[in-house]
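Chemist: Quick one: sequence plus predicted model below, questions after.
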Amino acid sequence: MTTISPTLSHRPAENQGDNPSPLLPPMRLAIIGGGRGGTALLDALHQIGTIAIIGIADKNPSAPGLRRAQELHVPIYDQVSDLITHQQPSLVLDVTGDPTMRSVLQELVPPGTDIVDGQTSRLLWLLIQHETTLQTELLHAEKLAGIGSFAAGIAHDINNPLQLILGLAENLTDETDLEAVHLQAKDIIEAVKRTTAICRDLTSYSRRASLRPDGLISVNGKLDEALKIARYAVALQDIEIRKHYQPDVVVKGNPDQLLHVFVNLITNAVQAMEHRGTLTLETASGSGTTQVRVSDTGSGIAPELLNRIFDPFFTTKPPGKGTGLGLYNIKNVIHHMHGTIGVDSQVGHGSTFTLTFPEDPGQDPERARP
Amino acid sequence: MSEFKSGFFVGGESCNGRILIVDDEADIRKVVRMTLHKAGYDVLEAENGEKAIEVINSGENRLLLDVIICDIRMPKVNGIEAIAYFRQNYPRVPLIVLTGFPDTDMATSLLRQGVVDYLVKPVEGEKLKASVARAMEQRELAHL
């Protein structure tokens, strides 16, 4: 059994070999200001392995950046001076927009500590906003590319009720038994309802992920929804589906993006089994984390490929069958949710993808350590 | 009462032939049965390829089954596997594919294997009956 540990696999910098030098100590970054800019920078920069965010300061205790820092276990301060003197940053990023802050910082920071503020910090924020937009677009483009593979499933699910409707309607043209007419008309109505449900599912899935703030998502419900969507992409008739759900498991994130993650994982799992085998979906919560596992009894992943599966454009599928962006996008969504993704795989026996999320710290503020 | 039809003695009145419809959707089997029954055919049903193989191998069906109408996307033994079995073991029984998914490559391949028709749902009753009639002609020719 070959394993990629979640902690290794969730660090893009380490995976992609773009660490400038393993000899350089991590940059010790302090963020001043917990508004939208500070939150966006915190979100983006904490994913980079060579940057250690050593704290964030804001006088406003309800600033969104402080809440996010709590979720990420980044120390929070209400006084800039406490942050600087306790944590000894090597770089201070001031996103307060307050013109008097520079002189305050210059008095506090030790020699050799850089300060980035004003237009420069705004430029950084704009770049990060741009990258976030690009990632969202990439996710959407990959999802739309995947919907192409739904054609067979959609055709099956629409043409079957249409066959029923046509057959019954033809029969009704010369049906004289009133009771039969009544029953067949009811069957037609039910078939139309089934067809409209397909369109509703797919238009909902294909829409752009909403930009609303992250909320609590029922994981079990989302997995069931993903199964409904995945059956358009892959035939599930010969797949034994086992669900081991712990009740009421929730995670915080974007529901549309999490649905896309689950659809991708289920689709990959079924394709790995060549449409015959056992798909196991598990959820569990406790000890400060929430876990979701998607397991298959398929072909497994060769150990030499395991380190590359989260890389962009890496695919083992035949040309035209995969974009190579599925797992890459999954990894990005999971990072955004402050989670990790890992895989255990054994060639010829199957794979298990494990997603691990922090339990919503908003429900338990004690866990956010300073 | 029995009558002589298609080279076989078939029980029941005005039976134009015995057809097996193989489809995992009960609704599809129902409407195909309804349409063909009105046209005077005796219709048997199977919900997947595995059941279809059981049906064709049971009792008098070995001899009396005239035409098989088969879906492609089905559980257990799918349409492609079932058709391969029928071609191998019952080469004289004509096959009609009735599928929800139009796939040109698959249609070409199946027609090359001797499938009489590749029909894409929804198919009108008249077209289905015409296709079955062609298959019946082929069935009768096979017994000359």
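Modeler: That came through fine. Numbers count the residues shown, from 1 in each chain, chains lettered A, B, ... in the order given.
Chemist: before we move on, what SS does the one residue in chain B that gets nearest to chain A have?
Modeler: Residue of chain B nearest chain A, by CB to the nearest CB: B:V31 (2.8 Å). Any C-beta I mention is one placed from the backbone N, CA and C, and that applies to glycine too. Going by DSSP: H, G, I helix; E, B strand; the rest coil, the secondary structure assigned to B:V31 is helix.
Chemist: Next: A:R293.
Modeler: Following three-state DSSP, we place A:R293 in the strand state.
Chemist: which residues does the closest residue to it other than its chain neighbours bridge with?
Modeler: Using CB to CB, 6 or more residues apart in numbering or on different chains and skipping the chain neighbours, the partner closest in space to A:R293 is A:E282 (4.1 Å). Per DSSP bridges, the residues bridged to A:E282 are A:H244, A:R293.
Chemist: Just the helices from the stretch 251-370 of chain A, written as ranges.
Modeler: Counting by DSSP state H, counting those that start in this stretch, the stretch 251-370 of chain A has helices at residues A:255-272, A:303-306, A:326-336.
Chemist: Output the contacting helices and strands for the last one.
Modeler: It stands for helix A:326-336. Applying 3 or more CB pairs under 8 Å, 6 or more residues apart in numbering or on different chains; DSSP states H and E, one finds that helix A:326-336 contacts helix A:118-147, helix A:255-272, strand A:340-346.
Chemist: picking that back up, number of nearby residues for the residue of chain B closest to chain A?
Modeler: Neighbour count for B:V31, taken as other CB atoms under 10 Å in any protein chain shown: 27.
Chemist: How about the residues of chain A by chain B?
Modeler: Residues of chain A lying near chain B by CB under 8 Å from any CB of the partner chain: A:151-152, A:155-168, A:170-171, A:187, A:191, A:235, A:237-238.
Chemist: same thing but at 7 Å, please
Modeler: Contacts of chain A with chain B, taken as CB under 7 Å from any CB of the partner chain, map to A:152, A:155-156, A:159-160, A:162-164, A:166-168, A:170-171, A:235, A:237-238.
Chemist: What are the boundaries of the helices in chain B?
Modeler: Secondary structure of chain B (DSSP state H): helices at B:26-38, B:49-56, B:61-64, B:79-89, B:104-112, B:125-142.
Chemist: re earlier: out of the helices of the stretch 251-370 of chain A, deepest packed?
Modeler: Across the helices of the stretch 251-370 of chain A, averaging neighbours per residue (mean count of other CB atoms under 10 Å in any protein chain shown) puts helix A:255-272 on top, at a mean of 24.
Chemist: what angle sits between that helix and strand A:340-346?
Modeler: Interaxial angle of helix A:255-272 relative to strand A:340-346 (axes from the mean of the first three to the mean of the last three CA atoms, to 10 degrees): 10 degrees.
Chemist: quick one: contacts for A:D238?
Modeler: Neighbouring residues of A:D238 by CB atoms under 7 Å, 6 or more residues apart in numbering or on different chains: A:H275, A:R276, B:P75, B:K76.
Chemist: ok, now B:L98?
Modeler: B:I69, B:D71, B:L119, B:K121, B:V123.
Chemist: Also B:P75?
Modeler: For B:P75, the contact set (CB under 7 Å, 6+ apart) comprises A:Q237, A:D238, B:D24, B:N48.
Chemist: What number of neighbouring residues does the nearest residue to it once chain neighbours are set aside come out with?
Modeler: Take B:P75 and drop its neighbours on the chain: the residue closest to it by CB to CB, 6+ apart is A:Q237, 3.4 Å away. Here the number of neighbours of A:Q237 (other CB under 10 Å) works out to 14.
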